[in-house]
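Asker: sequence isn't available, so here's the structure alone:
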């Protein structure tokens, strides 16, 4: 087992001279800012924007650089096992068939089981207090659910631990369901004789560090956005800036970067949609979904001729008579932009046909044939409309 | 050789199978490149059967021995309104089985519905084995979120009969949500609108990084594409009756042709504004051939099915309310199921939620992909990369004095979950207590679905009211209910006997498992050639 596994150990930020901090990367700095007094690895993973493996690796780098250290979680493995836990573990010795579950896991389950059995209110089950904020409660709930979800032990033969685990999981769910409901939470707070205290203000250091974390995280996203913009990945950059703005609305710099990159992002997006639509066209020809895609693309970039052409084509193919006039307008513009392309002219000819203007259709179709004499569709129109 | 877990979307009209390959989901194709398999089984007089496209294609000439929509019957009681409705509308024959379950009669032999579903699953297993060039044993199978305990149990049994180890029965909208959000590291509230061939589900989920929490689920297991088809069939048959004076529904082959044409027309109207239905020589009257030729407009279809779509929106509203949210809280709406291709459905969903549904989810494949994702995480070597918190769709409770229903586990509770109730006796030296376990929304026991009758037996003789027997009800991660009992005074396990359920008896299940295991070697070659 590596030093970072198991809930028994926690990693804590080490505050030394500032020199150590300046050589941290943005990602490391972000993780560092969140460690505080110590978190077990699985909780760091839960709050980290990186994958589990990446998070573990970065934490190791932090330890190497002297910016963090592993500590034994106070009182857990160091403290002697309770009478109940020791008795249950001893009883297991008679049942080697349960041993697929390792000792650390069994201790984890037994300790939680014991503490839940002793709990007198839902807060204790969730390892929270009446003052824990809603957001923090959610984090605790998800973290506990993950540790004690039967799926985590899916591959093990559990023996009597199955029943204990089911009971733990059910109690966690019920505690959360109760506290999620503000009326029930208030009722419990009253019962706990706390009605005179302010309702669940987050503890002061928690608020502070959360604010600091937000600012750090915003800066991290902003820097990421700058790099993405440099690499011309405008969509990713835009997303990064949006995240930065959401986390820290006070920095005009973020807002400006976001607004500046937005038109580029939209142009890119429109192109992507059209690319996808063209793939669909090859597969399916025409259809409502392609029409929708063309509309989406035009919304992103009203000047994209490709999108206008594709849209008009769908209107013609799907015979959506009520929109033919609109299609004609767009095709006239496309024709002006692409004078050498037969496609807008041909579609225009078909629009004229719909609108009953055979003369105009004939004129356009003849133009098409001038550009591309082998155009079968235009030939048919000419044959049909020639007096 | 790596162990493979199949993700199987066992649909009412079509099924789909996917696997995870190095962290990437992949839908397995059949010969001919099909990515979905019609959930159709057909028998012929020699006693052999066929499954899938080949069975669907021969339906016109063999309607009464071609079984489709088995999913609408599975795990239901023969007397339930849904089964009774089917009795009047399907071309094959339905009879009552020994456990009050419906059975399908073909050539004088009665097949339990589980066996029909098992034949489809066996075909899916064969497809996977052929695609992967290795045997496959494990699977995650999806069911509508609104399936009851009995329907889930029956689906699981079908998997077992097909020779699969069913790791999990998972809800279809939940699976689709996994396909949408797995490893995308998002924090979102989403709605999954799943309108398939036979059923409708709506689930509201909150995704927090790798945690998927179902907040509420609602649905109707008898509302889907089949009902849309049915409206078209009734409409066309009505026109034909008026014009030609002939009832197409009275003749099995004509009805089957009309059914195929109606389904095709409905699908075409998703992209076209009008389509022609053309069935030459559809009937013969007084020696004269009759032809059916009519045009169906998109507006006709929309008018015929308006109330069905409205019904789904009403259920969406219920689900949002149960989740304690407003539609504006929803970040993304996902459409699953073939029926969501209908423009009117998309329009209504967009109107209700006030946003354009997400486009990056494949309506036919997302469910199977989600099941494959779940299967691979369950078997993962390292710690769980996924936290899935699903819910039970019904209140679970017992019948109490006066025929009332007392809820023990309320609907939308996170599963697995458990609850217990203490029972006692009402007369001196009473040796047994009977308990009825039910699922449903009504406060009257008789209006809910009976899951089973348990008997607590061998109660030690005592005065009335003295024994205290605690019965624990568990809903496992599959949504399947189990019960156990314990005498609180002696702390002894109390024996519990399950009676009177529509579930298949263990003996019959075992016999069917044996039947298909014994047949496996002999039939394997023959069946795969009939693909």
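Answerer: Arrived safely, thanks for sending. Quantities reported herein were computed from a predicted structural model and do not represent experimental measurements.

Asker: only C-alpha atoms from now on, for both contacts and neighbour counts.
Answerer: OK.

Asker: show me what contacts the residue of the stretch 401-531 of chain B with the smallest separation from chain A?
Answerer: Among the residues of the stretch 401-531 of chain B, residue B:417 lies closest to chain A, at 5.1 Å counting by CA to the nearest CA. Under the criterion of CA atoms under 8 Å, 6 or more residues apart in numbering or on different chains, the neighbours of residue B:417 are A:166, A:167, A:169, A:170, B:474, B:475, B:476.

Asker: how many residues are close by the fourth one?
Answerer: Yep, that's residue A:170 we're talking about. Taking other CA atoms under 10 Å in any protein chain shown as the criterion, the count of residues near residue A:170 is 23.

Asker: from what I can see it touches residue B:418, true?
Answerer: Yes. Counting by CA atoms under 8 Å, residue A:170 does reach residue B:418; the two are 6.5 Å apart.

Asker: and the contacts of residue B:417 as TSV, adding distance to residue B:225?
Answerer: As requested, the contacts of residue B:417 are arranged in TSV below (distance: CA to CA, whole Å):
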residue	distance to residue B:225
A:166	39
A:167	41
A:169	38
A:170	37
B:474	34
B:475	30
B:476	30
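
Asker: could you count how many residues lie near residue A:301?
Answerer: Around residue A:301 there are 21 residues (other CA under 10 Å).

Asker: rewinding a little: so which of the contacts of residue B:417 wins on neighbours?
Answerer: Once you tally neighbours by other CA under 10 Å, residue A:169 ends up highest among those, having 25 neighbours.

Asker: which neighbouring elements make contact with the helix or strand containing it?
Answerer: Secondary-structure element containing residue A:169, defined by DSSP states H and E: helix A:161-180. Judged by 3 or more CA pairs under 8 Å, 6 or more residues apart in numbering or on different chains; DSSP states H and E, the packing partners of helix A:161-180 are helix A:103-118, helix A:122-125, helix A:134-148, helix A:182-191, strand B:417-423.

Asker: domain map for chain A?
Answerer: Chain A resolves into domains spanning A:9-72, A:101-190, A:319-385 when parsed by automatic domain parsing.

Asker: okay, those domains in TSV with distance to residue B:429 and mean pLDDT next?
Answerer: As requested, the domains of chain A are exported to TSV (distance: least, CA to CA, whole Å; pLDDT from 0 to 100):
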stretch	distance to residue B:429	mean pLDDT
domain A:9-72	55	77
domain A:101-190	32	90
domain A:319-385	80	86
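
Asker: turn those domains into TSV, including distance to residue B:165.
Answerer: What follows is the domains of chain A, written out as TSV (distance: least, CA to CA, whole Å):
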stretch	distance to residue B:165
domain A:9-72	30
domain A:101-190	13
domain A:319-385	51
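
Asker: residue B:166 is nearest to which of those?
Answerer: Of all these, domain A:101-190 sits nearest to residue B:166, with 12.9 Å by CA to CA.

Asker: quick one: end-to-end distance for that closest one.
Answerer: For domain A:101-190, the first-to-last residue distance is 41 Å (CA to CA, to the nearest Å).

Asker: buried deepest among the helices and strands packed on helix A:161-180, which one?
Answerer: Between the helices and strands packed on helix A:161-180, helix A:122-125 has the highest mean count of neighbours, a mean of 22, where neighbours are mean count of other CA atoms under 10 Å in any protein chain shown.

Asker: which outside residues touch it?
Answerer: The contact list for helix A:122-125 (CA under 8 Å, 6+ apart) reads A:115, A:116, A:119, A:129, A:130, A:171, A:172, A:175, A:176, A:178, A:179.

Asker: so which bits of chain B are right by chain A?
Answerer: For chain B, the residues found near chain A under the criterion CA under 8 Å from any CA of the partner chain are B:185, B:209, B:211, B:270-273, B:343, B:378-379, B:383-384, B:387, B:414-418.

Asker: enumerate every residue touching residue B:436.
Answerer: B:398, B:399, B:450, B:451, B:452, B:453, B:454.

Asker: just the closest of the contacts of helix A:122-125 to residue B:490, please.
Answerer: Relative to residue B:490, and with distances defined as CA to CA, the nearest of the contacts of helix A:122-125 is residue A:116, at 24.3 Å.

Asker: one step back: among the domains of chain A, which comes closest to residue B:366?
Answerer: Across those, residue B:366 has its closest neighbour in domain A:101-190 (21.8 Å, CA to CA).

Asker: and the helix ranked longest in chain A, how far out from the chain's middle?
Answerer: The longest helix of chain A (DSSP state H) is helix A:252-284. If you compare the mean C-alpha spot of helix A:252-284 with that of the full chain, they lie 19 Å apart, counting by CA atoms, centre = their mean, to the nearest Å.

Asker: and it with chain B, contact?
Answerer: No. In terms of CA under 8 Å from any CA, no part of helix A:252-284 sits within range of chain B; the closest distance is 10.4 Å.

Asker: next SSE downstream of that helix?
Answerer: Of the helices and strands lying after helix A:252-284 in sequence (DSSP H and E), the nearest is helix A:288-300.

Asker: need the contact list for residue B:121.
Answerer: Contact analysis of residue B:121 by CA under 8 Å, 6+ apart lists B:10, B:158, B:159, B:162.
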